[in-house]
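Student: coords below, sequence missing:
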Ligand code: NAI
């Protein structure tokens, strides 16, 4: 199905942050756009805001003055909904309320042509519910932009039970023509991004609650080892805890209380206290004037390292060996079970067991576990944890080795899966379940997480890089450690491992 003609009239309803951004995107793509808001004067005000944005682009040299004029001329504020009757596509971005949106769509369907596409920018309401009761539910589709709409590439094209495939295909092609990266999603709670991203916040909150490390340390690990733009605490402080907590609660309730989505008491406490993040001056961090920035913990070893022994194949950890060699460490390779020996210490990538448990079960002395890094060749920080019977001397030897490779070494308490590994395993698990349940394709889900929330790698591609078997082992061990269904591995991961198949088939 082809995109809407670029001169087809588009209507946007709701002139708030999202509606204004969407109107700008559509006008930039060449459409005549009418913007309507039931608050008198709001549409005019929003267009003035868009004009300021466009002026900034001209100043930066990314937009020609003539083009700015042409875009502004295509944008028209209207003060009555009847003025939208000629639209080929109406996108609503009004208040997030099912009844109010349903009433609006009924009104629009009576007003607009039978083949006009009605789209909702809702981030949490069911497209199926929004369409229920309409004469032409097949014409309604979700067109979920991310904030700020002119800058964020992702658009989730969400199909409800009745959405016509041709309507979803047209919106997908239209979003692409508007310079966006659209993905198809089935209308299920949280669609793709707001569902698959839950563990990113949840695992950090859980690690904090269980005393793994402080906020600054956990955030630094997700950034500097995981390659995420922000850690979970600085990000939720930015989003606002009221907003982030409400999304978690709505997904949790929508999944009938599935513990995988269980909200955090720590975050609820912040909401209850009115510590909503940057906007109130206090969240996990203080934004008061003069408040210093907390520094992540780091170990400094008095020891030095000159050589190590690599036993067996290290899998995803292998680039670390090249990095050690490049730093002048002599690396001796011999057969074994995938560990690094330095002095008295044994280093291994976590498999989701506690260090103390693994040391005892596998008979490993002075065990130091390593966390996952997005890219061991370039990571600047890495978390370690160690077994209760690991000596200080052996731990220092392990730290010295990693320091020689230029890594900042950050200690975390002995919890299963450390920080980045556990977060990525849970993101991949959620992504796999979304694929299994037909919410979206593996390629679309990976794309959505990169384009919608700037993840450095799609969770499924990341799991494939870690190895499906290793990812599954981590989840199985997390589930065994906690005894909670929260960590149960997706059947898709188990099936891929059993069949030796790929998640992207
Ligand atoms: P907002 O509160 O900034 O703007 C909503 C606008 O809609 C207001 O100007 C209000 O006067 C107008 N409005 C309310 N009821 C109306 C009605 N019946 N008819 C006409 N206009 C009406 O809200 P925001 O943040 O722009 O969100 C709008 C929608 O976009 C919501 O459905 C929200 O879930 C969704 N969304 C929001 C994102 C965000 O980050 N803010 C991201 C993606 C989706």
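Tutor: Structure received. All figures in this text were calculated on a predicted structure; none of them were measured in a lab.

Student: quick check, pLDDT for residue 1.
Tutor: For residue 1, the pLDDT comes out at 68.

Student: same question but for residue 304, I mixed them up
Tutor: At residue 304, the model reports a pLDDT of 88.

Student: and for residue 504?
Tutor: Listed pLDDT for residue 504 reads 81.

Student: distance of it from residue 192?
Tutor: As judged by C-beta to C-beta, to the nearest Å, residue 504 and residue 192 stand 15 Å apart. Placement of C-beta: from N, CA and C, glycine included.

Student: ok, now residue 339?
Tutor: Taken as C-beta to C-beta, the span from residue 339 to residue 192 is 37 Å.

Student: the two: which is more packed in?
Tutor: Per other C-beta atoms under 10 Å, whichever of residue 339 and residue 192 has more neighbours is residue 192, with 28 against 20.

Student: Provide the secondary structure category for the residue lying closest to that one once chain neighbours are set aside.
Tutor: Leaving aside its sequence neighbours, residue 192 sits nearest to residue 448 (C-beta to C-beta, 6 or more residues apart in numbering; 4.4 Å). On the three-state scheme (DSSP: H, G, I helix; E, B strand; the rest coil), residue 448 is labelled helix.

Student: was I right to think residue 448 contacts residue 190?
Tutor: No: contact criterion C-beta atoms under 8 Å: residue 448 and residue 190 do not qualify, at 11.2 Å.

Student: the more surrounded of those two?
Tutor: Using other C-beta under 10 Å, the more surrounded residue of residue 448 and residue 190 is residue 448, with 30 against 24.

Student: wait, what's in contact with the more buried one?
Tutor: Contact analysis of residue 448 by C-beta atoms under 8 Å, 6 or more residues apart in numbering lists 154, 156, 183, 185, 192-193, 196, 440.

Student: most neighbours of all these, which one?
Tutor: In terms of neighbour count, residue 196 stands highest of the contacts of residue 448 at 31 neighbours, by other C-beta under 10 Å.

Student: so how far is the helix or strand hosting residue 369 off the chain centroid?
Tutor: According to DSSP states H and E, residue 369 maps onto strand 367-370. Strand 367-370 sits 28 Å away from the centroid of its parent chain (C-alpha atoms, centre = their mean, to the nearest Å).

Student: ok, stretch 475-492 next?
Tutor: Using C-alpha atoms, centre = their mean, the offset of stretch 475-492 from its chain centre is 21 Å.

Student: likewise stretch 497-505?
Tutor: Between the centre of stretch 497-505 and the centre of its chain there are 23 Å (C-alpha atoms, centre = their mean).

Student: say whether the ligand is contacted by stretch 34-53.
Tutor: Yes: counting by C-beta under 6 Å from any ligand atom, the ligand has neighbours in stretch 34-53: 37-39, 42.

Student: residues contacting whichever residue of the stretch 351-500 of the chain sits closest to the ligand?
Tutor: Closest approach between the stretch 351-500 of the chain and the ligand, counting by C-beta to the nearest ligand atom: residue 452, at 9.9 Å. Counting by C-beta under 8 Å, 6+ apart, residue 452 touches 146, 152-154, 156, 192-193.

Student: so which of those residues are in strands?
Tutor: Judged by DSSP state E, the contacts of residue 452 include 154, 156 as members of strands.

Student: can you sort out which of the contacts of residue 452 also neighbour the ligand?
Tutor: residue 146.

Student: name the nearest of the contacts of residue 452 relative to the ligand.
Tutor: residue 146 (6.0 Å).

Student: roughly how far does that closest one sit from residue 175?
Tutor: Counting by C-beta to C-beta - residue 146 and residue 175 are separated by 12 Å.

Student: before we move on, what about residue 206?
Tutor: Residue 206 is 35 Å from residue 175, where distance means C-beta to C-beta.
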